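**Q** here is my input; please provide its structure:
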Amino acid sequence: IEEETDRIKRELCVTNKEPGTDTTRLDGVTETQVQRELNARAVESAEMLRSDPDYWFLYGKQVSSCSLFLDYLKQTDAFTIAVTKMVATQKNYTTDQLNAFMEVPPPLTYNEAMAREDSSLWEAAVASELIALSKHDVMEHRVSRADLVDRGIIGSPTKLKLQFDVKKNDDGSYAEHKAKCVLSGHPRFLVEGIHYPASYALSPDNSTIMFVCALALTKGWKRDCFSMSAAYLQATGKQHECHDILLEYPEGLGGIDENGETYVALLKSAVFGHPDTAGCWNETMNGWIKYFFSRNGWTIRMLHNDPRVSVILSPEDAPSILITSIDVCYLQGERVEDLENIRRSFGDAFGIKREDPKYFMGYSMEIETLTNISRTLTITQPEFVEELLSEFGGHIPIDITNVPFGPSTIWNEPDTDPDLAEQRYYRNLGALTLAGKLLWLSRRGYNMLLFGATQLCSIRSKPSKRMWIAGLRMLGWLRDNYKLGIRFHSGAVDPPCI
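**A** Have a look, this model is predicted:
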């Protein structure tokens, strides 16, 4: 979209060029002009897309033939058209309307989505998702029951499901309507050892993230963040050799063959919901990173104790550190031009979306300049705290003190022996969940909670009133002090080194 907008600006500059003007200057083109042209092109492209029979196939219409979009994609990028249309559709709604859509629970089915006020946004989101599946050749579409018999493929299909959500930006504002086509995994359909091996999804260690961010702060490095488009669908890592997995289209999609039977699909590569997908994507991305940044004077090393962190040296030996978490990359380095080159390389390989580097993996990382040579980095998790308060905030007592845990309090499990009725009551209230989430926060920026969270967890096997009240006390303190977090100073006497 950014590239298309820039292209439109340049075309408009040329079209409206006056004698003696510089066509490389884009500041003379207004946002209204660009948006008008973008909308016009989106409408035109959408009509082209709708005229293709495969577009209607994806929406359950019967057509005489199906090319799986491949012939169409050779002529134009249907995915770009769909995304452009989705962005243009958002302009038909006011900011207040888009924000109001975030407060409504998302629809559960495609038919429900099409009956809503924001149906055009859901339709655009679904089109973008389904075309992405075709673009990356994830599955073989429109396989009839007769074809399955001829191929000797038997078994019950695994259901595909459309999941709907309204995404928010990190600052809480509206981002986009999102539809994702996923496998509805179930032990009956997906069996470990038959349909997939042991599954995993690597995430960077919390302490590693804080160390790298503290290091970058002391060295005055720049930072950048971006996410990869439809990451799992681009996985080319070798999947486990498994039986053919039949897929049942979501309700309202797929179509019916000449015998009146619904078509099915055959899974060809990674898709959301398959247990092997995370491993395939990890293999794909790591393989590309190692290959690409080991050429043309670049060098790269991945940390042995945390393979999601890589140190990249430019041809001039300027360092950058890359942290990856599934489809999001957090980048910090000495030179802006190196960060731009790395980001551009990812964009050429996978397609990317720029993200705000102030946010990563649920962290809010605020950098404040105190003087010309002194800065601070404060790491908090305000969104997680808000969710925790919405879940348990109604139980917080009024008399909250200014410390999260009672002084001189050391608990041991033998000291706490509530009866079974008390244990059952506070377990049902959510005492175990509260303790676990407080422990999570204490390990991710709120180290002042660590002692209290450890005490709570020491008696988790027997939840009690004592444990419940102590947890609420910690939550009440957190409500009033969540902006404290953990803070690093650039003027540290002993700065971290690597």
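**Q** tell me the pLDDT at the nearest residue to residue 396 once chain neighbours are set aside?
**A** Spatial nearest neighbour of residue 396, excluding adjacent residues (Cβ to Cβ, 6 or more residues apart in numbering): residue 476 at 4.4 Å. All C-beta atoms are positioned from the backbone trio N, CA, C, and that covers glycine. Listed pLDDT for residue 476 reads 90.
**Q** in the stretch 351-498 of the chain, which spans are helices?
**A** Here the stretch 351-498 of the chain has its helices, by DSSP state H, counting those that start in this stretch, at 382-392, 420-429, 431-442, 450-458, 465-481.
**Q** what packs against the third one?
**A** The contact analysis (3 or more Cβ pairs under 8 Å, 6 or more residues apart in numbering; DSSP states H and E) places helix 431-442 against helix 382-392, helix 450-458, helix 465-481.
**Q** average pLDDT for that helix?
**A** Averaged over helix 431-442, pLDDT sits at 92.
**Q** same question for the first one.
**A** Across helix 382-392, pLDDT averages out at 90.
**Q** what angle separates that helix from helix 431-442?
**A** Angle, helix 382-392 to helix 431-442, by axes from the mean of the first three to the mean of the last three Cα atoms, to 10 degrees: 160 degrees.
**Q** quick one: low-confidence residue ranges for the protein.
**A** 1-85, 170, 185-202, 237-244, 252, 269-276, 400-401, 408-416, 492-498 (pLDDT under 70).
**Q** before we move on, back to that, redo the helices of the stretch 351-498 of the chain as CSV? Include distance to residue 291.
**A** Below are the helices of the stretch 351-498 of the chain laid out as CSV (distance: least, Cβ to Cβ, whole Å):
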stretch, distance to residue 291
helix 382-392, 36
helix 420-429, 51
helix 431-442, 36
helix 450-458, 41
helix 465-481, 45
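**Q** could you dump those helices into CSV with mean neighbour count added?
**A** Shown next, in CSV, are the helices of the stretch 351-498 of the chain (neighbours: other Cβ atoms under 10 Å):
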stretch, mean neighbour count
helix 382-392, 16
helix 420-429, 14
helix 431-442, 20
helix 450-458, 19
helix 465-481, 20
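**Q** quick one, which of those gets closest to residue 206.
**A** Between residue 206 and the helices of the stretch 351-498 of the chain, the tightest spacing by Cβ to Cβ is seen for helix 431-442, at 9.4 Å.
**Q** just the C-alpha atoms of that closest one, please, in PDB.
**A** What follows is helix 431-442, C-alpha atoms only, in PDB (Å, rounded to 0.1, in the frame of the first residue of the first chain):
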ATOM      1  CA  ALA A 431      -7.100 -17.700  42.500                       C
ATOM      2  CA  LEU A 432      -4.800 -20.000  40.500                       C
ATOM      3  CA  THR A 433      -5.200 -17.900  37.400                       C
ATOM      4  CA  LEU A 434      -4.500 -14.700  39.300                       C
ATOM      5  CA  ALA A 435      -1.300 -16.100  40.800                       C
ATOM      6  CA  GLY A 436      -0.100 -17.400  37.400                       C
ATOM      7  CA  LYS A 437      -0.700 -14.100  35.700                       C
ATOM      8  CA  LEU A 438       1.000 -12.100  38.400                       C
ATOM      9  CA  LEU A 439       4.000 -14.400  38.100                       C
ATOM     10  CA  TRP A 440       4.000 -13.800  34.300                       C
ATOM     11  CA  LEU A 441       4.000 -10.000  34.900                       C
ATOM     12  CA  SER A 442       6.800 -10.300  37.500                       C
END
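**Q** contacts for that helix?
**A** 381, 384-385, 388, 391-392, 448-450, 452-454, 456-457, 460, 463-464, 467-468, 471-472, 474-475, 478 (Cβ atoms under 8 Å, 6 or more residues apart in numbering).
**Q** surely residue 250 forms part of a helix?
**A** No - looking at residue 250 with DSSP: H, G, I helix; E, B strand; the rest coil, it is coil, so not inside a helix.
**Q** who touches residue 453 in this structure?
**A** 435, 438, 439, 441, 442, 474.
**Q** rerun at 6 Å
**A** Listed by Cβ atoms under 6 Å, 6 or more residues apart in numbering, the contact partners of residue 453 are 438, 439, 442.
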